[in-house]
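A.B. asks: Any chance you can model this:
(2 chains, ligands or ions: 5)
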Amino acid sequence: MPRRKIIKERVPTPERPAEERIKSFIEVNLGYTFELAVKEAERCLQCPANYAPCIKGCPVHIDIPGFIGKLVEHRDNPDKAVKEALNVIWACNSLPATTGRVCPQEDQCEMNCVMGKVGDKVNIGKLERFVADYAREKGIDEELLSEIIPGIEKKNQKVAIIGAGPAGLTAAGELAKLGYDVTIYEALHEPGGVLMYGIPEFRLPKDIVEKEIEKLRKLGVRILTDHIVGRTLTIEELLQEYDAVFIGSGAGTPRLINAPGINLNGIYTANEFLTRVNLMKAYLFPEYDTPVKVGRRVIVIGAGNTAMDAARSARRFGADVTIAYRRGEEDVSARIEEVEHAKEEGIKFEFFINPVEFIGDDTGKVKAVKFEKMRALDERDKRGKRKIVGTGEYVTLEADTVIIAIGKHPNRLIVNTPGLKVEHGRIVVDENLMTSIPGVFAGGDAIRGEATVILAMGDGRMAAKAIHEYLTKKREEQKA
Amino acid sequence: MYKILEKRELAMRNTWYKIYAPHVARKVKPGQFAIVRAFKNGERIPLTPVMWNQEEGWIVLIVFTRGKTTMRMAMELKEGDSIPNIAGPLGNPAEMKKFGRILAIGAYTGIVEVYPIVKAWQQIGNNVTTLHVTFEPMVILEEELKEAVGRHIIEAVPVDMSKSFPENMKNVTERLVEKVRELLETENWDLVFMVGPTGDQKAVFEVVRKFGVPMRADLHPIMVDGTGMCGACRVTVGGEVKFACIDGPEFDAYEVNWDELIARSGYYTDMEMRAMQEYMQSLQGGGQ
Ligand SMILES: Cc1cc2nc3c(=O)[nH]c(=O)nc-3n(C[C@H](O)[C@H](O)[C@H](O)COP(=O)(O)OP(=O)(O)OC[C@H]3O[C@@H](n4cnc5c(N)ncnc54)[C@H](O)[C@@H]3O)c2cc1C
Ligand SMILES: Cc1cc2nc3c(=O)[nH]c(=O)nc-3n(C[C@H](O)[C@H](O)[C@H](O)COP(=O)(O)OP(=O)(O)OC[C@H]3O[C@@H](n4cnc5c(N)ncnc54)[C@H](O)[C@@H]3O)c2cc1C
Ligand code: SF4
Ligand code: SF4
Ligand code: FES
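C.D. replies: Numbering: from 1, shown residues only, chains lettered A, B, ... in the order given. Ligands and ions are numbered 1, 2, ... in the order given. Model prediction:
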């Protein structure tokens, strides 16, 4: 590789202006063109794969300099450049259009990028997104897929996957590529998990998720929606029909605040609010039948990705939105890009306040929230966050809509399966992601609590590998 | 996609749908419900399998035409059409044990949810009396209930065309409360069970508590997913927040915070009316 001049500054990606985007659910970031992508790709120093800190930071260890290098290498032939780059990414990650958009890159691949020592880190996320988007628009992903399919050697063993979120979809895709007969059981009417019902359209357009799922169908994966495992059928029943089961049921049960007035009208969990808005498209009411009510003043409680998504969605209904968080700004867990976008869109932040009571009017509708002011101590908790204590001082903020975004627990219907070992509501697995029930594996938020898309996908991939080993052994035992 | 095998008008504003949904038919038990998304741009609404056949894979839904979705179902769905989504069964099955003498009440189309439960209760040796209170042209499941339980009482209230629908509904509530009081005064009961509009459930409960008879009720909060994921269906029972779709839908009437439930069920009334009005206008526009 010839030595290149160091370019300190990132090639920016165009974004829609804040005033325009708060009026619609259209995607905020417009992504790179091929020319811009190549310019950004040229900034990468091409650290050797065994040393590159970006690869170490990515939970699924994508060969990042490898795929970035392809863009530069074949700069005269964009289609070829993208196809080869996609091939590199697909070896570790089957949903790059999604992860390129939603990974917390600043804590992962981009965290220790060597370019950071002399200037801006390489924009790995946006490059990954570019490769996936370009490939999808030009049909290059289909082409690559059709080259893979004929090589798949069918095995006559069946695997059931519970939940069509990133963990389940990834496990299904990997197992299908290995030749297994795969069926996904999904409770909702659309596959995708949080990608479909949680993360809003303006951050992750739903047609992208749908196309990624279409690819799985092409690989022969069957998806049965409207099937709730634990009700429609049980894991025990699945084990009679399938040789192995993977649980990717996520952490869908919302946590509530134990304070008076929590059931007043106008108080939504983020899950309910986002499901109404995203999955059911309430922003298109009454063309779509599901209603949602967003008042003039909205308070969102919490400061993770879910809180940002809820706040920014509410803003798009014209509301005046405040995010209330019991800790300080340093502890905000959302992706930096989301926090910046939220601020640009005029969302206010109130730190060190903790809700203690929801106050209603005489029709049972919320009109204000009473908060206790908090104070941070120097002492830190296990997660490295400063401990907080109440000050005994209170403040009341008016609100006609309140959205609770303080976290979620794993789905109870699954967790109640007899014989399934569970701790703190999370499914317990061994180093091969096998649960306490032989042949039943699990991954994603179901074992981690609320985590990230890429960790869920990493689990899906690892579980597929473990299931493959388990089933290979089973095949050999049967032969013997 | 789930095919409609049979559709007919059972009574005024009550439509019968026999639908091929083998995954639900295979597993459903009395007391459970399904979540139906009847149209591609439609909402998810809870409806109850009233009858089912495991071998043939069908379920029967009986739907009261109430707002836009149920109206659209009545107007637009035809035999042979398919419904995009039916998820289920959901909720907990009703408890199957010997309670003794049971008074099971259904107001309006609530009787359809009562039917599979009382049929099973009677079969395991309970002595069930059912009471169906509704408008005269809306009486349904009469033969089925007579056959299923020890005694079936119908209180059919005539519709007074000179009065508004809500005023007419007041008459039904009055008749319901009177009849329940009479039955509690004259006979001994081990359990009262009721399904119907939340306001009527509360009115009945106010009478039952005076007699100290145990009472259980299937609650009807607004639901979205029905799988415990959203919390729309939360109700306060015994001072604790419960999710009706996974903890219920049946609860001890003495423990339910009725006023909260009534307030929550009415939260979208203005939007529902708007949706209904726009729909009616689109129908009058002759589908242009
Ligand atoms: C609003 C929001 C924003 C987020 N933003 C980001 C972000 O920007 N970046 C990031 O990395 N992470 C983000 N996350 C977290 C991330 O989405 C999750 O960690 C990830 O989706 C977990 O994947 P999963 O496959 O384990 O579960 P899920 O995505 O939760 O999928 C689980 C699936 O299983 C189904 N299911 C549940 N129970 C059953 C059952 N009994 N039977 C059948 N099916 C069942 C569910 O319906 C669902 O479709 C966000 C989360 C939320 C809620
Ligand atoms: C567990 C359960 C079982 C039910 N079984 C039956 C049944 O077998 N037959 C039947 O006719 N009806 C049944 N219902 C009631 C039925 O779901 C509502 O009548 C229906 O949702 C009304 O929708 P709509 O669009 O026509 O009316 P809308 O105009 O949208 O609403 C009218 C009223 O219906 C209620 N409602 C609206 N949307 C929902 C929703 N998503 N979830 C719950 N309630 C809602 C609200 O109280 C609302 O004010 C059941 C309800 C529950 C909770
Ligand atoms: S998957 Fe996520 S962490 Fe890995 S390279 Fe892509 S954006 Fe970075
Ligand atoms: S660490 Fe940065 S500069 Fe080095 S290979 Fe990775 S992206 Fe390129
Ligand atoms: S309907 Fe969503 S949790 Fe019950």
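
A.B. asks: Now do the contacts for A:Glu106.
C.D. replies: Neighbour list for A:Glu106: A:Arg335, A:Ile336 [criterion: C-beta atoms under 8 Å, 6 or more residues apart in numbering or on different chains]. Every C-beta, even on glycine, is put in place using the N, C-alpha and C of the backbone.

A.B. asks: Could you count how many residues lie near A:Gly66?
C.D. replies: Close neighbours of A:Gly66, defined as other C-beta atoms under 10 Å in any protein chain shown, add up to 18.

A.B. asks: Run a quick neighbour tally on the spatially closest residue to it that is not a sequence neighbour.
C.D. replies: In space, and not counting its chain neighbours, A:Gly66 is closest to A:Val88: 4.6 Å by C-beta to C-beta, 6 or more residues apart in numbering or on different chains. Other residues near A:Val88 come to 19 when the count uses other C-beta under 10 Å.

A.B. asks: likewise A:Thr391?
C.D. replies: Using other C-beta under 10 Å, A:Thr391 has 12 neighbouring residues.

A.B. asks: looking at this, it is in a strand?
C.D. replies: Yes: applying DSSP: H, G, I helix; E, B strand; the rest coil, one finds A:Thr391 inside a strand.

A.B. asks: is it true that it touches A:Leu377?
C.D. replies: No: A:Thr391 is not in contact with A:Leu377 according to C-beta atoms under 8 Å; the separation is 11.7 Å.

A.B. asks: quick one on the thing from earlier: so what's the residue nearest to A:Gly66 up against?
C.D. replies: A:Val88 is in contact with A:Ile62, A:Asp63, A:Gly66, A:Phe67, A:Lys70, counting by C-beta under 8 Å, 6+ apart.

A.B. asks: now with 6 Å?
C.D. replies: Applying C-beta atoms under 6 Å, 6 or more residues apart in numbering or on different chains, we find A:Val88 in contact with A:Asp63, A:Gly66, A:Phe67.

A.B. asks: same check, this time on A:Val428
C.D. replies: A:Lys421.

A.B. asks: how close does it sit to ligand 4?
C.D. replies: 35 Å (C-beta to the nearest ligand atom, to the nearest Å).

A.B. asks: A:Ala187 too?
C.D. replies: Separation of A:Ala187 from ligand 4 (C-beta to the nearest ligand atom): 39 Å.

A.B. asks: For that residue, what is the enclosing helix or strand?
C.D. replies: Of the helices and strands defined by DSSP states H and E, none includes A:Ala187.

A.B. asks: Could you report the pLDDT at the residue nearest to A:Gly66?
C.D. replies: On the pLDDT scale, A:Val88 is placed at 96.

A.B. asks: follow-up on the earlier one: quick one: the contacts of A:Val88 as CSV, columns for pLDDT, distance to A:Phe273 and secondary structure too.
C.D. replies: Formatted as CSV, those follow (pLDDT from 0 to 100; distance: C-beta to C-beta, whole Å; DSSP: H, G, I helix; E, B strand; the rest coil):
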residue, pLDDT, distance to A:Phe273, secondary structure
A:Asp63, 96, 39, coil
A:Gly66, 96, 41, helix
A:Phe67, 97, 37, helix
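
A.B. asks: Go through those residues and name the one nearest ligand 5.
C.D. replies: A:Phe67 (40.4 Å; C-beta to the nearest ligand atom).

A.B. asks: ok, that closest one - contacts?
C.D. replies: Counting by C-beta under 6 Å, 6+ apart, A:Phe67 touches A:Ala85, A:Val88, A:Ile89.

A.B. asks: which residue packs closest to whichever residue of the stretch 151-288 of chain B sits closest to ligand 2, ignoring adjacent ones?
C.D. replies: Relative to ligand 2, the nearest point of the stretch 151-288 of chain B is B:Glu272 (3.3 Å; C-beta to the nearest ligand atom). Spatial nearest neighbour of B:Glu272, chain neighbours left out: B:Gly67 (4.8 Å); criterion: C-beta to C-beta, 6+ apart.

A.B. asks: So, low pLDDT: which residues of chain B?
C.D. replies: Residue ranges of chain B with pLDDT under 70: B:286-288.

A.B. asks: So the closest residue to chain A within it: helix, strand or coil?
C.D. replies: In chain B, no residue comes nearer to chain A than B:Ala263, which is 3.2 Å away by C-beta to the nearest C-beta. Here B:Ala263 is helix, with the state taken from three-state DSSP.

A.B. asks: so it touches A:Val366, yeah?
C.D. replies: No: B:Ala263 lies out of contact with A:Val366 (C-beta atoms under 6 Å); the separation is 11.2 Å.

A.B. asks: between those two, which one's more packed in?
C.D. replies: A:Val366 (23 against 19).

A.B. asks: check contacts around that one.
C.D. replies: Counting by C-beta under 6 Å, 6+ apart, A:Val366 has contacts A:Leu264, A:Gly266, A:Ile267, A:Phe358, A:Gly360, A:Val402.

A.B. asks: and these as JSON lines, adding secondary structure and distance to ligand 5?
C.D. replies: Below are these laid out as JSON lines (DSSP: H, G, I helix; E, B strand; the rest coil; distance: C-beta to the nearest ligand atom, whole Å):
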{"residue": "A:Leu264", "secondary structure": "coil", "distance to ligand 5": "17"}
{"residue": "A:Gly266", "secondary structure": "coil", "distance to ligand 5": "17"}
{"residue": "A:Ile267", "secondary structure": "strand", "distance to ligand 5": "14"}
{"residue": "A:Phe358", "secondary structure": "strand", "distance to ligand 5": "19"}
{"residue": "A:Gly360", "secondary structure": "strand", "distance to ligand 5": "21"}
{"residue": "A:Val402", "secondary structure": "strand", "distance to ligand 5": "17"}
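
A.B. asks: Correct me if wrong, but the residue of the stretch 151-288 of chain B closest to ligand 2 is in a strand.
C.D. replies: No: the assignment for B:Glu272, made by three-state DSSP, is helix rather than a strand.
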